[in-house]
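Peer 1: Return a 3D structure for these sequence lines:
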Amino acid sequence: MPDVTPYDALLLVSFGGPEKQADVVPFLENVTAGRGIPRER
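Peer 2: So this is what the prediction gives:
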């Protein structure tokens with residue numbers, strides 16, 4: 001069994017989420033920016 005090195009830290013990253021329905025599309029556009037996902041999807 002390979003040696004296991006204990007972790008010193010854990011980093012959590014979050015985008016949060018939209019607060020109201022009107023914020024959903026702008027939020028998704030921001031999160032998926034640069035990934036070439038069509039807006040219709």
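
Peer 1: Who are the contact partners of the spatially most central residue of the chain?
Peer 2: The centroid of the chain falls nearest to residue 15 when counting by Cα atoms, centre = their mean (5.3 Å). Residue 15 makes contact with 27, 30, 31, according to Cβ atoms under 8 Å, 6 or more residues apart in numbering. Heads up, the C-betas are built off the backbone N, CA and C, glycines and all.

Peer 1: Relative to residue 10, which of those residues is nearest.
Peer 2: Nearest to residue 10, judged by Cβ to Cβ, of those is residue 31 at 22.0 Å.

Peer 1: Apart from its chain neighbours, what residue comes closest to that closest one?
Peer 2: residue 15 (5.4 Å; Cβ to Cβ, 6 or more residues apart in numbering).

Peer 1: Quick one: the helices in this protein, in order.
Peer 2: Assigned by DSSP state H, the helices in the chain fall at 24-31.

Peer 1: Any figure for the gap between the residue nearest to residue 31 and residue 33?
Peer 2: 11 Å (Cβ to Cβ, to the nearest Å).
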